[in-house]
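1. Sequence below, structure please.
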Amino acid sequence: MKNIVTFILLTTMAIGSGITGTAAAIAPYKKAFDKEYVKKSNNEEFSKVFKKTGCYTCHVKKKKKDWLNLYGQEIAKLISGNAKQRLDEAKIKGTEARKQENTKLLKELKVAFQKVGKLRSPSGVPYEELFKAHQLPTPEGAKSLKEDAAE
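-> Numbering: from 1, shown residues only. Sure thing, here's the model as predicted:
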């Protein structure tokens with residue numbers, strides 16, 4: 001019985017990964033962005049805006065989760081595979097494996113923040129400068145990751 005449940009779980013995850021294709025948002029990403037940019041800014045207004053905006057820093061409001069703005073698209077390009085799937089697969093191997101995978105993902109994310117921060121936003125301002133000015137990315141240029149996977 002346990003083998004059947006494991007098989008169904010793995011099959012479901014494999015199918016799900018084919019649908020999303022790239023990094024999916026996870027709570028540690030939001031926390032990492034908060035730590036990297038919002039808390040370091042020490043700006044109460046920016047903190048309030050981020051708290052309200054949250055996942056829509058990369059995703060697009062009123063769209064499915066596979067929709068990302070240009071900033072989110074660039075971050076997703078630098079994260080290997082589907083983050084949620086990677087964590088789910090590691091969880092099957094145990095708590096320690098999941099912790100290790102989470103640590104690995106957060107390291108990849110930190111590198112992605114540094115690289116994407118140097119890229120120019122649609123307004124022409126590098127993302128890291130946008131964040132220093134206490135602004136967040138707009139939904140401009142948003143598209144579905146499913147469209148990329150289909151191409």
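
2. can we go C-alpha only for contacts and neighbour counts from here?
-> Noted.

3. Please tell me how far the closest residue to residue 134 other than its chain neighbours sits from residue 118.
-> Of all residues not flanking residue 134 in the chain, residue 46 sits nearest, at 5.3 Å (C-alpha to C-alpha, 6 or more residues apart in numbering). Going from residue 46 to residue 118 by C-alpha to C-alpha, to the nearest Å gives 20 Å.

4. neighbours around residue 91, how many?
-> Close neighbours of residue 91, defined as other C-alpha atoms under 10 Å, add up to 15.

5. any weak-confidence spans in the chain?
-> The model of the chain has pLDDT under 70 over residues 1-25, 147-151.

6. let's see 50
-> 2-23 (pLDDT under 50).

7. Compute the number of surrounding residues for residue 101.
-> 19.

8. no, scratch that, I was asking about residue 129
-> Count around residue 129 with other C-alpha under 10 Å applied: 15.

9. In which helix or strand does it reside?
-> helix 127-132 (DSSP states H and E).

10. how far is the helix of greatest length in the chain from where the chain is centred?
-> Under DSSP state H, the helix in the chain containing the largest number of residues is helix 95-117. Averaging C-alpha positions (C-alpha atoms, centre = their mean, to the nearest Å) puts helix 95-117 10 Å from its chain's average.

11. send the alpha carbons of it over as PDB?
-> Extracted as PDB, the C-alpha positions of helix 95-117 are listed here (Å, rounded to 0.1, in the frame of the first residue of the first chain):
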ATOM      1  CA  THR A  95      13.300  16.400   7.100                       C
ATOM      2  CA  GLU A  96      17.100  16.800   6.800                       C
ATOM      3  CA  ALA A  97      16.900  16.400   3.000                       C
ATOM      4  CA  ARG A  98      14.200  19.000   2.800                       C
ATOM      5  CA  LYS A  99      16.200  21.400   4.900                       C
ATOM      6  CA  GLN A 100      19.300  20.900   2.700                       C
ATOM      7  CA  GLU A 101      17.200  21.500  -0.500                       C
ATOM      8  CA  ASN A 102      15.700  24.600   1.000                       C
ATOM      9  CA  THR A 103      19.200  25.900   1.900                       C
ATOM     10  CA  LYS A 104      20.300  25.200  -1.700                       C
ATOM     11  CA  LEU A 105      17.300  27.000  -3.100                       C
ATOM     12  CA  LEU A 106      17.900  30.000  -1.000                       C
ATOM     13  CA  LYS A 107      21.500  30.200  -2.100                       C
ATOM     14  CA  GLU A 108      20.400  30.100  -5.700                       C
ATOM     15  CA  LEU A 109      17.800  32.800  -5.000                       C
ATOM     16  CA  LYS A 110      20.500  35.000  -3.400                       C
ATOM     17  CA  VAL A 111      22.600  34.700  -6.500                       C
ATOM     18  CA  ALA A 112      19.500  35.400  -8.600                       C
ATOM     19  CA  PHE A 113      18.700  38.500  -6.600                       C
ATOM     20  CA  GLN A 114      22.300  39.800  -7.300                       C
ATOM     21  CA  LYS A 115      22.200  39.100 -11.000                       C
ATOM     22  CA  VAL A 116      18.600  40.300 -11.700                       C
ATOM     23  CA  GLY A 117      19.200  43.300  -9.500                       C
END
